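Student: Okay, here's the prediction I keep looking at, along with the sequence it came from:
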Amino acid sequence: MKHWTGWLPGLTTLRRYQAAWLPHDIVAGLVLATMLVPVGIAYAEASGLPGIYGLYATIIPLLVYALFGPSRILVLGPDSALAAIILGVVVPLSGGDPMRAATLAAMMAVVSGTICIVAGIARLGFLTELLSKPIRYGYMNGIALTVLISQLPKLFGFSIEGDGPLRSLWAVVGAIVDGKTNWPTLGIGLATLAVILLLARNKRLPGILIAVVAATVVTGVLDLGARFGVTVLGSLPQGLPGFAIPRIGYGDIVQVLIGGCAVALVSFADTSVLSRAYAGRLGDRVDPNQEMVGLGAANLAAGFFQGFPISSSGSRTPVAEAAGARTQLTSVIGALAIAFLLLIAPNLLQHLPNAALAAVVIAAALGLFEIGDLRRIYRIQQWEFWLSMVCFVGVAVLGVIPGIGLAIVLAIVEFLWDGWRPHSAVLGRASGVKGYHDITRYPDARQIPGLVLFRWDAPLFFANAEFFKERALDAVAKSPTAVRWLVVTAEPVTSVDVTAGDILAELDEALHAQKIELCFAELKDPVKDKLKKFGLLAQLGENNFFPTIGVAVARYLEINTDVTWEDWEDRAEA
């Protein structure tokens, strides 16, 4: 049982903290704060919430993750990948009420945090690995497109009404054609986006900060808000977020639960990948279950302190690393700096144009697209590429929440398909090649008269058991000689369930009716133990299980003395 201090990695780091790290963590924390503020506000706006909630979702969660999180420098906060999910839930349910939207988003964070903590304690950190890379690419590309489309109205300076990414895009095109574009707004937005993209590869220059500060100064000095209708952020509420339990109506529960589950899936999938990557670079080892607990605790804190769902950041973590971060104290300093801003200078960003915030989100969305690796997947296995495309179109057409549901269904179908119709082979002895091999790959391979060596390349379970029986009987039927033994070369069989056990019993009875013995070679001991529980060892007989194929062949030849077969390798293996 894990000691309670094991759930608080931050305490271990604090005990081992070195004084030489402090200056690095302080500087990195202040640098990080300059990025956390505009990005947090931008992602809040992208999620359909007032900008202040992006800062609320940053302060307390950073402090909590510093205590519960296993990664030394991972930075958590509002994330572009989650914005579309949150937006898809809060906008239809809130009816345009920003306070209601904030409450719904906070409850999504509570749901997501609870799921992550429970899953982490139950050691279910492996679950996110069940989504294959093409499926992850598909839904992330779909989310990226959704986020990008959602920011176009702010970039062009108008508002639209659209339900779903494609309808929204059509509404944007219609508004542009109708001449609703606010050109100064578009100019500010495009200039901000250009600066961010141009400076993106330079880790030493805070591109987002430079672009946002420049846009804010230009807008304020030229008074673009009053003169040309450029919408700006305005003054932020002064003070820190307080503890509040989000309360939602019964009619909202289902959508919030679905959204919270989707957030938990996406956020932990991204966090686990990023956490492992930085752990490898720092020579650390990160427990995925503890990472899930840390992420869950941070989301719970966000939900109970007026925030919304958060995840790890692939853009802010490198900033912390480049600035010299040594420990999670960097995030603590960053959180305290934001708190200081809200207490002392809430009007500092009042001229920040919404178009600049849209540019920040669009730049992040562009970074979410995965194209290069999909090209590689298309070259090597086209069906997985098209699986990714189906997932992408599902998110783009159906919306983020149904699209992620489709991704999960596709992942389950993909997993079951691989096990449902696995590869199987009849083995023979090929000239000049040691061992027994697939006779379809080695057409000159010789089969021992009366003996069928049948290999099954998958676990045996309910979805493929009947297919296993069909393939085994088909191998017997196609044997060039009358069959006496069917030996299942079972090294690839890692598990057997009750349904498969019953099918094996039926196969044995069908073979016995033909006076054929069913035997197993190379069966793993845990699987053999299961067959014993199912009563199959008693039915088949202990003598019908062999440690190697060679031993099985030698035993067959020993019993069936009339079979003519001479092969020195059989005798050597026996």
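Tutor: Sure, I can see it. Please read these numbers as outputs of a predicted model, since none were measured by experiment.
Student: could I have stretch 494-501 exported to CSV, CA atoms only?
Tutor: As requested, C-alpha coordinates have been extracted for stretch 494-501 and formatted as CSV (Å, rounded to 0.1, in the frame of the first residue of the first chain):
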residue,chain,number,x,y,z
THR,A,494,-1.7,-14.8,-23.6
SER,A,495,-5.2,-15.3,-22.1
VAL,A,496,-8.3,-17.5,-22.3
ASP,A,497,-11.8,-16.5,-21.0
VAL,A,498,-14.8,-18.7,-20.1
THR,A,499,-16.4,-18.5,-23.5
ALA,A,500,-13.2,-19.5,-25.3
GLY,A,501,-12.8,-22.4,-22.8
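Student: what sits up against stretch 519-530?
Tutor: The list of residues contacting stretch 519-530 from outside it, by Cβ atoms under 8 Å, 6 or more residues apart in numbering, reads 453, 485-491, 493-496, 501, 531, 537, 540, 544-549, 551-552. (C-beta placed from N, C-alpha, C; glycine too.)
Student: Please repeat the previous calculation with a cut-off of 7 Å.
Tutor: Outside stretch 519-530, the residues that touch it by Cβ atoms under 7 Å, 6 or more residues apart in numbering are 485, 487-491, 493-496, 544-549, 552.
Student: Then stretch 57-70?
Tutor: Outside of stretch 57-70, the residues that reach it under the criterion Cβ under 7 Å, 6+ apart are 7-10, 36, 40, 76-78, 240-241, 286-287, 290-291, 293-294, 297-298, 301-302, 305, 307-308, 310, 328, 331-332, 334-335, 338-339.
Student: Any quick ChimeraX command for the buried ones out of these?
Tutor: A single ChimeraX command is used to select the members of the contacts of stretch 57-70 judged buried by 16 or more other Cβ atoms under 10 Å:
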select :7,8,9,10,36,40,76,77,78,241,286,287,290,291,293,294,297,298,301,302,305,307,308,310,328,331,332,334,335,338,339
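Student: Among the contacts of stretch 57-70, which ones are in strands?
Tutor: Using DSSP state E, 76, 77 are the members of the contacts of stretch 57-70 that sit in strands.
Student: pLDDT below threshold where in the protein?
Tutor: Within the chain, the ranges that satisfy pLDDT under 70 run 1-6, 125-131, 162-163, 203, 273, 277-284, 566-574.
Student: where exactly do the strands run in it?
Tutor: In the chain, the segments counted as strands under DSSP E are 76-77, 311-312, 424-428, 437-438, 451-456, 485-489, 517-521, 545-546.
Student: Can you tell me which of these is most buried?
Tutor: Scoring the strands of the chain by mean neighbour count under mean count of other Cβ atoms under 10 Å gives strand 76-77 as the most buried, with a mean of 30.
Student: Show me what it is packed against.
Tutor: Using 3 or more Cβ pairs under 7 Å, 6 or more residues apart in numbering; DSSP states H and E, the elements in contact with strand 76-77 are helix 52-68.
Student: from the middle of its chain, how far away would the helix it packs on be?
Tutor: In terms of Cα atoms, centre = their mean, to the nearest Å, the centre of helix 52-68 is set 22 Å apart from its chain centre.
Student: which of the residues in it are buried?
Tutor: Neighbour-count burial for helix 52-68, counted by 16+ other Cβ under 10 Å, picks out 52-68.
Student: Confirm for me that residue 352 is in contact with residue 217.
Tutor: No - at 9.9 Å, residue 352 does not count as touching residue 217 under the criterion of Cβ atoms under 7 Å.
Student: Centroid-nearest residue for this protein?
Tutor: The chain has residue 269 as the residue nearest its centroid, 2.8 Å off, counting by Cα atoms, centre = their mean.
Student: The residue nearest to residue 314 when sequence neighbours are not counted and residue 370: what is the separation?
Tutor: Among residues not flanking residue 314 along the chain, residue 274 sits closest, at 5.9 Å (Cβ to Cβ, 6 or more residues apart in numbering). As judged by Cβ to Cβ, to the nearest Å, residue 274 and residue 370 stand 15 Å apart.
Student: And for residue 56?
Tutor: 31 Å.
Student: if we can go back for a sec, more neighbours: residue 352 and residue 217, which one.
Tutor: Neighbour comparison, residue 352 and residue 217: the larger count goes to residue 352, with 25 against 12 (by other Cβ atoms under 10 Å).
Student: quick one: buried residues of the longest helix along the chain?
Tutor: For the chain, the helix reaching the highest residue count under DSSP state H is reported as helix 253-282. If you call a residue buried by 16+ other Cβ under 10 Å, then helix 253-282 has these buried ones: 255-256, 258-272, 274-276, 278-279.
Student: Likewise for stretch 488-507?
Tutor: By neighbour count, and taking 16+ other Cβ under 10 Å as the criterion, the buried residues in stretch 488-507 are 488-490, 492-493, 496-497, 500-501, 503-505, 507.
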